[in-house]
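Chemist: Structure for this input, please:
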Amino acid sequence: MALVAALLAYGPTAQPYLDAVQSGLGAALVSLTASSTRAGQPGWPLAEVSPRGCACLLEGLRAAAAPEGEGPKLMAGDTALTWLMAVLGERHVGLLTHWPQVHGGGRPGIAATVTPAVDLLQLPLSPVGGGGGGEGGEALAAPPGYQEALNRDGAVRALVLVLEALDGEALALPVNLLSRLVLVSTSFASQFIAAGGLAPALVQRLLRDSQPPALLIDVLLVVSQLARVSKEGFNTYEAISRANCYAQVKRLLSHTDPGVRARVCNLLGNMCRHSAYFYTALERHGLVGPLIERCADTDRSTRKFACFAIGNAGFHNHSLYEALRPAIAPLVALLRGPEEDDKTRANAAGALGNLVRNSGALCGELVRAGALRALLDTALAPERPASAARGSLASTGGAGAGGG
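Modeler: Predicted structure coming up:
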């Protein structure tokens, strides 16, 4: 295996690589993964492969599956998938934990094995622009049956369970793949929750503000999507609540990365999207004030999602009205802000409408802040699209909980 990896390591423009690929080496490597299942142990195709041998095989497969080689389709068949699931499985990871580090085991060995395995797992998946995924994510294109096979073979469960053995940069790729899968299918979302993806210790660790921004954004996308798709028969709110990550979310509202701040606001909006389930917790954990502050954020997306979250926090009942009173002036300012896009203005208008939807307690405050004048000015502005004008006019009588 080391010789194979060395040949392919020359790269796609080198003759040794081209010769190896043209001779069908990629297919031979996939067949090799299948041959190790003949030991009479179904589901355990790693009985006779050392950590170093496994690493070499992964390296060889990755090189062979490059676009210049046999392409990602090499990894889309059941044989390759079965082997990759065994590489990521509890049994193999457990053995690697106890294997000496000097021979490719321990936590460094786990990271060195999991990263290329996950890379191969996601290789047949390619993003498709134009939507289809949740939370503004992209739909995924894959060879026929591949996503179904990932679901059937419990890919999400394996990815969630392996996170416990990873730290630092090694978390990035599996969490990113989890995010991509959860965003495109409620089946994957259900697997994620069932596997313990919202276990308090795991979520709180992944949402530490010391984690890389890209990792934080992926985790926030997952939790936000779970909140977004909550419905009767698939209640995700309770599982999110049990994760008890309010302290982490509060800190992330002031994170230095604007992408993180925007995704936290979107998460809070989706937590308030379907019901008032989280209203008490948001106030108890001191999240309303920091959320309101994000209406004046330097980042446009953060301001947009902050308005979305505030609007939903006032939609279902009036229990948060007093806590949301300080949001009125910033929301009016966003309506008047010349640099704001139409979606931000629509969200701000909707939020103001929701603050009088369930009670008249804040009507005086809205009048003093000039909210009615700002709403009318927004609605009557000649450059404003008809949809934004309708939203502003409707907000004088309350608006619905909508998307960010």
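
Chemist: list the contacts for residue 267?
Modeler: Residues counted as contacts of residue 267 (Cβ atoms under 8 Å, 6 or more residues apart in numbering) are 220, 223, 224, 227, 249. Just so you know, the C-beta spots here come from the backbone N, C-alpha and C atoms, and that holds for glycine as well.

Chemist: what's the burial count for the closest residue in space to the fourth one that isn't next to it in sequence?
Modeler: So that's residue 227. Leaving aside its sequence neighbours, residue 227 sits nearest to residue 270 (Cβ to Cβ, 6 or more residues apart in numbering; 3.9 Å). A count of nearby residues for residue 270, using other Cβ atoms under 10 Å, gives 30.

Chemist: Report the buried residues of the helix or strand residue 270 falls within.
Modeler: Under the criterion DSSP states H and E, the helix or strand holding residue 270 is helix 258-271. In terms of neighbour count (16 or more other Cβ atoms under 10 Å), helix 258-271 has its buried residues at 259-271.

Chemist: circling back to that earlier point, correct me, but the residue nearest to residue 227 touches residue 228?
Modeler: Yes: between residue 270 and residue 228 there is a contact at 4.4 Å, judged by Cβ atoms under 8 Å.

Chemist: Quick check: next helix or strand after the helix holding residue 270?
Modeler: Past helix 258-271, heading to the C-terminal end, the next element that is a helix or strand (DSSP H and E) is helix 279-284.

Chemist: buried sites along the next helix or strand after that following helix?
Modeler: Reading on from helix 279-284 to the C-terminus, the next helix or strand found by DSSP H and E is helix 288-293. Across helix 288-293, burial judged by 16+ other Cβ under 10 Å covers 288, 290, 291, 292.

Chemist: Show residues contacting helix 288-293.
Modeler: Contacts of helix 288-293 with the rest of the structure, by Cβ under 8 Å, 6+ apart, involve 250, 253-254, 265, 268, 282, 306, 309-310, 313, 320, 323-324, 326-327, 330.

Chemist: quick one, phi psi at residue 231?
Modeler: Listed backbone geometry of residue 231 is phi -160, psi 170, with angles given as degrees, to the nearest 10.

Chemist: How about it: what's its closest non-neighbour residue?
Modeler: Leaving aside its sequence neighbours, residue 231 sits nearest to residue 274 (Cβ to Cβ, 6+ apart; 7.2 Å).

Chemist: Determine the number of other residues adjacent to that neighbour.
Modeler: 21.

Chemist: Quick check: it vs residue 183, distance?
Modeler: 18 Å (Cβ to Cβ, to the nearest Å).

Chemist: and if you look at residue 228?
Modeler: 10 Å.

Chemist: Over to residue 63?
Modeler: On the measure of Cβ to Cβ, residue 63 and residue 183 end up 29 Å apart.

Chemist: so where's this protein shaky on pLDDT?
Modeler: 1-13, 21, 35-48, 128-138, 382-404 (pLDDT under 70).

Chemist: Please enumerate the strands of it.
Modeler: With DSSP state E, the ranges of strands along the chain come out as 126-132, 138-141.

Chemist: Contacts only, for residue 177.
Modeler: Remark: with contacts taken as Cβ under 8 Å, 6+ apart, residue 177 is in contact with 118, 121, 122, 159.

Chemist: In JSON lines: the residues you listed, plus distance to residue 18 and neighbour count.
Modeler: As requested, these are exported to JSON lines (distance: Cβ to Cβ, whole Å; neighbours: other Cβ atoms under 10 Å):
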{"residue": "118", "distance to residue 18": "27", "neighbour count": "25"}
{"residue": "121", "distance to residue 18": "26", "neighbour count": "24"}
{"residue": "122", "distance to residue 18": "25", "neighbour count": "20"}
{"residue": "159", "distance to residue 18": "34", "neighbour count": "25"}
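
Chemist: In TSV, list the residues you listed along with distance to residue 82.
Modeler: TSV is the format used below for the contacts of residue 177 (distance: Cβ to Cβ, whole Å):
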residue	distance to residue 82
118	16
121	12
122	16
159	16
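
Chemist: Among those, which pair sits farthest apart?
Modeler: Taking Cβ to Cβ, the two most distant members of the contacts of residue 177 are 122 and 159; they sit 10.0 Å apart.

Chemist: about what we covered before: quick check: of the buried residues of helix 258-271, which lies closest to residue 202?
Modeler: Of these, the one sitting nearest to residue 202 (Cβ to Cβ) turns out to be residue 267, at 16.5 Å.

Chemist: Could you find the closest non-adjacent residue to the closest one?
Modeler: Of all residues beyond its chain neighbours, the one nearest residue 267 is residue 224 (4.1 Å), with distances taken as Cβ to Cβ, 6+ apart.

Chemist: In this structure that neighbour contacts residue 273, no?
Modeler: No: applying Cβ under 8 Å, one finds residue 224 not in contact with residue 273, separated by 9.7 Å.

Chemist: Looking at these two, which has the bigger crowd around it?
Modeler: The neighbour count for residue 224 versus residue 273, taken as other Cβ under 10 Å, is higher for residue 224 (27 against 24).

Chemist: Compute the distance between residue 320 and residue 280, please.
Modeler: Residue 320 is 9 Å from residue 280, by Cβ to Cβ.

Chemist: Of those two, which one has the most company?
Modeler: The residue with more neighbours, out of residue 320 and residue 280 and counting by other Cβ under 10 Å, is residue 320; that gives 23 against 11.

Chemist: what residues are up against the more buried one?
Modeler: Applying Cβ under 8 Å, 6+ apart to residue 320 gives the contacts 279, 282, 283, 288, 313, 314.

Chemist: mind running it again at 7 Å?
Modeler: 279, 283, 288, 313, 314 (Cβ atoms under 7 Å, 6 or more residues apart in numbering).

Chemist: Tally up the residues packed near residue 336, please.
Modeler: The local packing count at residue 336 equals 14, with neighbours defined by other Cβ under 10 Å.
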